[in-house]
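[1] Pasted the sequence and its predicted model underneath.
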Amino acid sequence: MRAFVKLNFSTLLKNNMKKLFTFLLFTSTAIICRAQMPNPALIGYWHNWSDVNAPYVQLDSIDSRYNVIEVSFAIATSPTDMNMVFVPDVVSKAVFKAKVLALQSQGKRYC
C-alpha cells in the first residue's frame, strides 16, 4: 500500500510541477516583455506553424502597426522531461534570426 501512495504522490507532484512550470514561464515572459514595452503597445501573437486554418505568416509580413510581437511555440525535447526548445517550423534558424533582427532594427520588440 505504501508504494501505491508514493506513486500517486509522485504523479500528482509531477503534474503540478508541469502546471507550475508553465505558469512561471508565461508569467516571467509577460514581466520581461512588460519591462520593455513601448507606450502605446500594439501586441501581435505570432505562431510557428503552417496549417489550413492558421497559415504561416512570415515575420516580415506582419502588419507594421504591431510594435510588440509575441513569438510562440516551443516544443518539448522529449515526452519525459520539461526541456523546451524553439525551432522555426517553416524557415531555417538563420532566416528566422535575420527576420527578428530586421524587426528590431525597425524598433519592434519581440518576446
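    In hand now; what should we look at? Note that the structure is a prediction, hence the values are computed from the model and not measured. Numbers count the residues shown, from 1 in each chain.
[2] what about the protein, any weak spots by pLDDT?
    Scanning the chain for pLDDT under 70 picks out the ranges 1-36.
[3] try 80 this time
    1-39, 41, 72-76, 81-82, 110-111 (pLDDT under 80).
[4] so what are the domain limits for it?
    According to automatic domain parsing, the chain comprises the domains 1-35, 39-111.
[5] How far does stretch 43-63 stretch from one end to the other?
    End-to-end distance of stretch 43-63 (CA to CA, to the nearest Å): 11 Å.
[6] To clarify, my last question referred to stretch 70-82.
    End-to-end distance for stretch 70-82: 21 Å, by CA to CA.
[7] buried set for that stretch?
    For stretch 70-82, a neighbour-count test (16 or more other CB atoms under 10 Å) marks 70-71 as buried. Placement of C-beta: from N, CA and C, glycine included.
[8] in which helix or strand would I find the residue nearest to Ile62 when sequence neighbours are not counted?
    Excluding the flanking residues, the one nearest Ile62 by CB to CB, 6 or more residues apart in numbering is Gly44, at 6.0 Å. Element membership for Gly44 (DSSP states H and E) is strand 43-46.
[9] So what are the sheet partners of that strand and their directions?
    Paired neighbours of strand 43-46 in the sheet (DSSP bridges): strand 68-71 (parallel).
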